[in-house]
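attaching a predicted model along with its sequence, questions to come.
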Amino acid sequence: MKLFDAVPNDLFSVLASPNRILYADALTVLYDAYRDTLKIPEEKLYSMLRSKLEHQLAEATFEGEDIDEDELRDISGRARFLIRKLCSKGWFEKERGDDFGEYITVPGYSSRILELFQQITNEEPSRGYSYVFGTYSSLKVAQDGGGVFEKMSALYSSYDSTQSLIKLLQMVYHNVKHYFQLQIDMQNVNDVLSAHFDDFGQTVVETYIRPLKIRDSVPKYRVPIQSILDGWLEDDALITAMANSAYQDRRGETLESCRSDILQKIFWIKERYDSIESDYLDEIDAQVRRYTRATTQKLENLTNRDQNIRGNLNYLLTALSRNSRASELVEQIQPAFSLCEQSYLSEKSLWFRKRPGKREKADPVMIEDLTPGEAATRQAELLLHSEYGRAEISAYIDQLLGERGFCYSKDMTLTDDKSYIMSLLSVLATSDVGTPYVAEIYKGAFTENGYTIPQLKIARKGTEK
């Protein structure tokens, strides 16, 4: 990740200074101005800083900052200093307009970072987007009445939505783990209840998990999505037309690369919807059940810790974990409690690693030079070009295609190593510039006599259909 090739080196220095809270508030004001106004006059940003940060500017000391005495004298000068500081670090740039006034321009990297800061600090729970329903809707509309361009656009949009859905599920999974870790340090019943019902219940369950089960349901829309994509896969003319549309839209360097990209995206979306439930939703459900069970047990322990042995033991072990003299106290209570180290039995528990002995220096072993001579190299090159040259490969393909002009994997007769190598070289030869053949690779594999190749079709150009 070459982060500082995309952003200035000192961009984040203001957030590491003693006045980082003031700078963070100033960035919030900058984001508000950027969001509300297309053209941002410098005077407007200056006025917003003065009005919204008047109290913070008055209390700031600016120790260690390169602020002038004139700027430090009053709030107006300090607001000017904030503008100068943020501009010098690369958060925004200045340009002179047609009216000779100074205007603020926010670079792309800065606007994205400011948007991220806003999302992190936003106290209102953000709602998950309807990625599944959006994917189904775009494909359904394109299928029912859209042209080739609409179908191509719907496919790329569905690919982006599916990627966003996967990222959302990953975020939800790690968010559940995060709340689990937060709960471990809580020792107050009210804190646990608030974290579970208010924070976890509203921020995670109601916002993301519940919609995926009811409204934006993966099981509900999975089959229709895959049915539409299967129909497109079976129509080779449609795939070719979509590839032409993608090539005209500059989504690939060549027509073949656009076609390959479209097929890969179709297969990727289908495979993701086949595995989302088992790989993501079931794992998230397991984590939610584990978190809920742990929350219930913790509430029971905290509520009844003065009334049962489990509660007293929980209180005792918690106190020991926070005491610097834990080892001495454990020895004192050892006669009353049998405290043992927690461990587990694994597949590696029944063997011991062999300890290596001391290595002794031995006589050096001379390594023979096994580099082949010039004669052997020439002989190998002659053998390679004589049996696997371009002419031989072309003859092999012409023999396979025959009068039909096309053949499949099952027609290649994989009987020995040479036929297996020639089948692979035939596919590679179809990618050469000016070759009269074209290869289509399908899902799955073909195996014969112990040799396995992809399911494919080789045809002369003009007879693909």
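Here it is on my side, so go on.

in the longest helix seen in the chain, what counts as buried?
Criterion DSSP state H: the longest helix present in the chain is helix 148-184. Neighbour counts over helix 148-184 (16 or more other CB atoms under 10 Å) mark 148-149, 151-159, 161-162, 165, 168-169, 172-173, 175-176, 179-180, 183 as buried. Quick note: C-beta positions are derived from backbone N, CA and C, even for glycine.

okay, domains of the protein per the record?
Using automatic domain parsing, the domain parsing of the chain gives 3-121, 131-304, 379-460.

what is the rounded mean pLDDT of the first one?
On average, the pLDDT along domain 3-121 is 84.

now do the buried residues in stretch 402-416.
Neighbour counts over stretch 402-416 (16+ other CB under 10 Å) mark 406-407, 409, 412, 414 as buried.

next step: the residues you listed restricted to helices.
Short answer: those have none in helices (DSSP H).

by contact count, what packs against the longest helix of the chain?
The contact analysis (3 or more CB pairs under 8 Å, 6 or more residues apart in numbering; DSSP states H and E) places helix 148-184 against helix 131-145, helix 218-234, helix 236-248, helix 255-276, helix 282-304.

and if we set it to 6 Å?
Identification of packing neighbours for helix 148-184 by 3 or more CB pairs under 6 Å, 6 or more residues apart in numbering; DSSP states H and E yields helix 131-145, helix 236-248, helix 255-276, helix 282-304.

closest to Ile83 out of these?
Minimum separation from Ile83 across the helices and strands packed on helix 148-184 (CB to CB) falls at helix 131-145, 40.0 Å.

nearest to Ile239 among the buried residues of stretch 402-416?
Distance to Ile239, by CB to CB, is smallest for Phe406 among these, at 16.5 Å.

now distance to Glu256 and pLDDT too, for the buried residues of stretch 402-416, in a markdown table please.
Listed next are these as a markdown table, based on distance: CB to CB, whole Å; pLDDT from 0 to 100:
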| residue | distance to Glu256 | pLDDT |
| --- | --- | --- |
| Phe406 | 17 | 86 |
| Cys407 | 19 | 88 |
| Ser409 | 20 | 88 |
| Met412 | 22 | 85 |
| Leu414 | 26 | 86 |
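
and these as a markdown table, adding distance to Lys52?
Converted to a markdown table, the buried residues of stretch 402-416 look like this (distance: CB to CB, whole Å):
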| residue | distance to Lys52 |
| --- | --- |
| Phe406 | 71 |
| Cys407 | 73 |
| Ser409 | 69 |
| Met412 | 73 |
| Leu414 | 74 |
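
which of the residues you listed fall in strands?
Among the buried residues of stretch 402-416, the members found in strands (DSSP state E) are 406-407.

which one of the buried residues of stretch 402-416 is nearest to Leu456?
Proximity of these to Leu456, judged by CB to CB, is greatest for Ser409, which lies at 5.5 Å.

hmm, that closest one is touching Phe446, no?
Yes: between Ser409 and Phe446 there is a contact under CB atoms under 6 Å: 3.8 Å.

which neighbours do these two share?
Shared contacts of Ser409 and Phe446, defined by CB atoms under 6 Å, 6 or more residues apart in numbering, comprise 453, 455.

burial count for Ser137?
Per other CB atoms under 10 Å, the neighbour tally for Ser137 reads 16.

swap in Ser130?
17.

centre-most residue in the protein?
Lys167 (5.7 Å; CA atoms, centre = their mean).

need the contact list for it.
Contacts here follow CB under 6 Å, 6+ apart; on that basis Lys167 touches nothing.

quick one: average pLDDT of stretch 163-173?
Taken as a whole, stretch 163-173 has a mean pLDDT of 83.

please shift the residue numbers so they start at 11 in all later answers.
All set: I'll call the first residue 11, so the last point we hit is now stretch 173-183.

so what's the gap between that stretch and the chain middle?
Offset of stretch 173-183 from its chain centre (CA atoms, centre = their mean, to the nearest Å): 8 Å.

in contact with the residue lying closest to Ala256 once chain neighbours are set aside, which residues?
Leaving aside its sequence neighbours, Ala256 sits nearest to Cys268 (CB to CB, 6 or more residues apart in numbering; 4.1 Å). Taking CB under 6 Å, 6+ apart, we find Cys268 in contact with 253, 256-257, 261-262.
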